[in-house]
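[1] Here is my input; please provide its structure:
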Amino acid sequence: MATTRTATTQWKGALLDGSGTVSLDTSGVGTFDVSWPSRAEQANGKTSPEELIAAAHSACFSMALSHGLAQAGTPPQTVATKTDVTFQPGEGITGIVLSVRAQVPGLSAEEFRTAAETAKANCPVSKALAGTTITLDAELVD
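    Next up, the predicted model:
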């Protein structure tokens with residue numbers, strides 16, 4: 001069954017001096033302030049499209065990796081994914097780095113790296129961002 005998730009942005013003013021809010025409508029878990037300076041300079045307590053993409057990508061990748069590992073008979077104890085999305089004004093998103101650390105008993109570093117690469121390739125958010133270079137840093141931890 002397909003699902004649709006909805007977010008709404010209300011923006012006032014021009015790009016450089018305007019500001020807005022992004023509400024997560026489907027879940028209702030919050031409304032977040034956005035502005036050009038929060039996107040192109042310092043966050044200063046506001047979010048940006050790139051931070052929201054980073055959140056979506058880290059969650060999606062972690063789920064895909066956890067699922068793939070469990071299907072292979074080596075379910076993870078923990079998966080921690082940090083995602084960095086780099087934005088260059090005038091260019092756009094120039095790269096994404098997925099850094100994952102996981103505890104997976106019974107798995108070699110090479111097997112984990114393969115599972116992480118598979119998750120990166122098959123995560124729906126990775127697929128949606130296919131026009132961007134996505135780099136993976138994957139490591140098993142104790």
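[2] What separation do you get for the residue nearest to the spatial centre of the chain and Leu140?
    By C-alpha atoms, centre = their mean, the chain has its centre lying nearest to His57, at 2.2 Å. According to C-beta to C-beta, to the nearest Å, His57 stands 21 Å off from Leu140. The C-beta positions use only the backbone N, C-alpha and C, and glycine is treated the same way.
[3] ok, back up a step: what does whichever helix or strand the residue nearest to the centre of the chain is part of rub up against?
    Element membership for His57 (DSSP states H and E) is helix 49-71. Applying C-beta atoms under 8 Å, 6 or more residues apart in numbering, the external contacts of helix 49-71 come out as 22, 34, 39, 43, 75-76, 79-87, 93, 96, 98, 100, 102, 104, 107, 115-116, 118-120, 122-126, 129.
[4] what comes up buried for that helix?
    Buried residues in helix 49-71, defined by neighbour count with 16 or more other C-beta atoms under 10 Å: 50-54, 56-58, 60-66, 68-69.
[5] From Gly92, how far out is Gly131?
    Using C-beta to C-beta, one gets 10 Å for the distance from Gly131 to Gly92.
[6] which of those two has more neighbours?
    More crowded of Gly131 and Gly92, by other C-beta atoms under 10 Å: Gly92, with 11 against 7.
[7] Does the more buried one have any beta-bridge partners, and if so which?
    Beta-bridge pairing of Gly92 under DSSP bridges involves Gln88.
[8] now Val97
    Beta-bridge partners, per DSSP bridges, of Val97: Asp84, Thr135.
[9] what does Leu140 give?
    Taking DSSP bridges as the rule, Leu140 bridges to Ala102.
[10] I'd say it and Glu110 touch.
    No. Assessed by C-beta atoms under 8 Å, Leu140 is found out of contact with Glu110, at 10.1 Å.
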